[in-house]
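Participant: this one's structure only:
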C-alpha cells in the first residue's frame with residue numbers, strides 16, 4: 001500500500017532480571033497507518049545483542065474510521081513487545097520502510113531508531129529507562145494561525161529529557177530537515193521538560209516531522225556492565241552521549257486560512273475540568289481511571305476527541321454530551337511504578353472543514369495506593385466532614401441514587417485536585433422544602 005504512514009513513537013522500560021541473568025525489557029511501539037492492520041515488527045537489530053521476543057500484544061488506540069475527508073483517515077495502534085536481552089550491554093533496534101503520506105517536504109520513506117543501554121546506573125543501581133512521551137499522529141493547523149505544541153518529555157529516572165530534529169539519514173530520519181515555517185526547541189516549565197514545536201506559516205499541505213528524544217543525567221554517573229567494563233554519562237552538552245534514544249514522528253496538515261484564530265470560535269477551546277498540559281495524574285492498579293475533557297466552539301461543531309495513550313485506553317462521550325468526553329483506562333499489575341503519557345486534541349467541523357484545538361498531554365503515574373500507608377505519611381490521612389446543599393430531582397435517601405450521587409461528586413472533586421484515593425460517605429440526608 002502506498003502513501004499510508006502517518007507517524008510512530010517508541011519507549012522502553014526494564015522489567016527485571018530472569019533467573020539465568022538475562023534482562024526483561026518491555027517496549028511500547030506506537031504506529032499510525034491508514035489501516036489498523038499495519039504495524040511494525042521491530043525485529044531488526046542494528047547493533048549489539050538485541051535478544052529474543054518473548055511476548056507481543058497489539059491493540060488499536062484510535063481509529064478515525066471514515067469520518068475524515070478522503071485520504072485523511074488513519075488508525076494508531078500500540079504494539080507492546082517484551083524481549084529477553086542476554087546482557088546489559090548497549091544495543092539498538094531500527095525500522096525502515098515506506099511510504100509516508102504525500103508530504104510537502106518531499107520524502108517518502110521512514111527510518112526509526114531506538115537505542116537502549118541497560119548498564120547499571122551508579123545513582124539508582126538500576127538500568128536506565130527511556131523518557132516517556134507520545135503525540136497525536138495527525139494534527140491540523142490553519143495556515144494563518146500560529147500555534148505552539150508543548151510535548152512533555154518526562155523521564156522516570158529524573159534525567160533531562162531533550163528533543164532534537166533527526167540528522168542521521170542512515171538510521172533515524174529520511175528528510176532530516178525541519179520544514180520551513182516550523183521551529184523545534186527545548187523548554188523547562190515548573191520542573192518539567194517539554195519539547196516545543198512552533199508553527200508560524202507554511203504552504204498548504206502535509207508535513208512529516210522526524211523528532212529524536214534523548215535523556216541525559218543531571219550529574220555525572222557511571223554505567224557498569226556485567227563484562228566488567230563501565231562508561232560515564234554526563235549532563236547535556238553538544239558532545240555528550242545520551243543514555244538512550246527514541247523516535248517521535250508525526251504529521252502536521254497546514255489547512256486553508258480561517259476568519260478567526262481565536263480559540264473557541266472555529267478552533268475548539270478546552271474548558272474545565274479538562275486537565276492542563278503537562279499535568280500529572282495518579283492511577284491505581286486494577287482500578288479504572290476516568291479523565292473528563294470538555295471543549296467548545298461557537299462557529300463549528302465539536303464532533304470528537306482524538307487521543308493517544310496506553311494500551312486499552314478508551315474515549316467516549318460523557319453523559320450524552322457532544323462537547324464532553326471521558327477517557328477511561330485501567331492499569332495492569334505489571335504497570336505498577338510506570339508512567340504513561342496521554343495526549344488529546346478536540347476536533348470540530350463546519351460543513352467539510354475540520355478544525356482542531358491545541359494538543360494537551362498529561363502524565364499518568366501508576367501506583368498501588370490500596371496498600372497500608374507509609375508510617376512517615378500517616379499524618380496526611382484525615383477525616384473531613386462537609387455540609388453541602390444539593391438540588392436534586394431524585395430521592396437521595398434511595399441507595400442507588402446515593403451511590404450515583406457520590407460517584408459523580410467524587411469524580412468532580414478529583415478533577416479539581418482531590419486525591420483519587422479519597423473515600424466519600426453520605427452520613428445524613430435532610431430534605432429542605434423550597
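Facilitator: Good, I have the coordinates. All values reported here derive from a predicted model rather than from experimental measurement.

Participant: could you find the closest non-adjacent residue to residue 16?
Facilitator: residue 24 (5.1 Å; Cβ to Cβ, 6 or more residues apart in numbering). Glycine gets a C-beta too; all of them are placed from N, C-alpha and C.

Participant: quick one: strands adjacent to whatever helix or strand that neighbour lives in?
Facilitator: With elements taken from DSSP states H and E, the one containing residue 24 is strand 23-33. Here strand 23-33 is paired, per DSSP bridges, with strand 5-17 (antiparallel), strand 75-85 (antiparallel).

Participant: before we move on, the earlier item: tally up the residues packed near the residue nearest to residue 16, please.
Facilitator: The local packing of residue 24 (other Cβ atoms under 10 Å) involves 16 other residues.

Participant: give the contact list for it.
Facilitator: Neighbouring residues of residue 24 by Cβ atoms under 8 Å, 6 or more residues apart in numbering: 14, 15, 16, 17, 18, 54, 82, 83, 84, 85.

Participant: please convert the buried members of those residues into PyMOL selection syntax.
Facilitator: Under the burial definition 16 or more other Cβ atoms under 10 Å, those of those that qualify are selected in PyMOL by:
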select buried, resi 14+82+83+85
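
Participant: export the contacts of residue 24 to TSV and tack on pLDDT?
Facilitator: Listed next are the contacts of residue 24 as TSV, based on pLDDT from 0 to 100:
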residue	pLDDT
14	98
15	97
16	96
17	97
18	97
54	97
82	97
83	98
84	98
85	98
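
Participant: let me see the backbone angles for residue 409.
Facilitator: Dihedral pair for residue 409: phi -70, psi -40, per degrees, to the nearest 10.

Participant: so it makes contact with residue 392?
Facilitator: No - using Cβ atoms under 8 Å, residue 409 makes no contact with residue 392, being 11.2 Å away.

Participant: the more surrounded of those two?
Facilitator: Neighbour comparison, residue 409 and residue 392: the larger count goes to residue 409, with 14 against 9 (by other Cβ under 10 Å).

Participant: neighbours of the closest residue in space to that one that isn't next to it in sequence, how many?
Facilitator: Residue nearest to residue 409 in three dimensions, not counting chain neighbours: residue 424, with 6.3 Å by Cβ to Cβ, 6+ apart. When neighbours are counted by other Cβ under 10 Å, residue 424 registers 12.

Participant: ok, back up a step: which residues does the residue nearest to residue 16 bridge with?
Facilitator: Under the criterion used here (DSSP bridges), residue 24 is bridged to residue 16, residue 84.

Participant: and the pLDDT at it?
Facilitator: pLDDT for residue 24: 98.

Participant: any idea how far residue 331 is from it?
Facilitator: 18 Å (Cβ to Cβ, to the nearest Å).

Participant: sorry, back to before: quick one: distance of the strand holding residue 24 to the chain centre.
Facilitator: 13 Å (Cα atoms, centre = their mean, to the nearest Å).

Participant: right, and the helix or strand after it?
Facilitator: Next along from strand 23-33, by DSSP H and E: strand 44-47.

Participant: which helices and strands sit right next to that next one?
Facilitator: On a contact count with 3 or more Cβ pairs under 8 Å, 6 or more residues apart in numbering; DSSP states H and E, strand 44-47 meets strand 91-98.

Participant: for the record, mean pLDDT for the strand it packs on?
Facilitator: Taken as a whole, strand 91-98 has a mean pLDDT of 94.

Participant: whichever helix or strand comes after it vs strand 5-17, what angle?
Facilitator: Remark: after strand 91-98, the chain's next helix or strand is strand 109-116, criterion DSSP H and E. Put simply, strand 109-116 runs at 20 degrees to strand 5-17, going by axes from the mean of the first three to the mean of the last three Cα atoms, to 10 degrees.

Participant: contacts made by strand 109-116 with the rest, please.
Facilitator: Contacts for strand 109-116 (Cβ under 8 Å, 6+ apart): 5, 8, 10, 12, 25, 27, 40, 42, 46, 85, 90-100, 130, 166, 168-174, 212, 242, 244-247, 249.

Participant: which among those residues count as buried?
Facilitator: 5, 8, 10, 12, 25, 27, 40, 42, 85, 90-95, 100, 130, 166, 171-174, 212, 242, 244-247, 249.

Participant: can you tell which of the strands paired with strand 23-33 is closest to residue 345?
Facilitator: Smallest distance to residue 345 across those (Cβ to Cβ): 12.2 Å, for strand 75-85.
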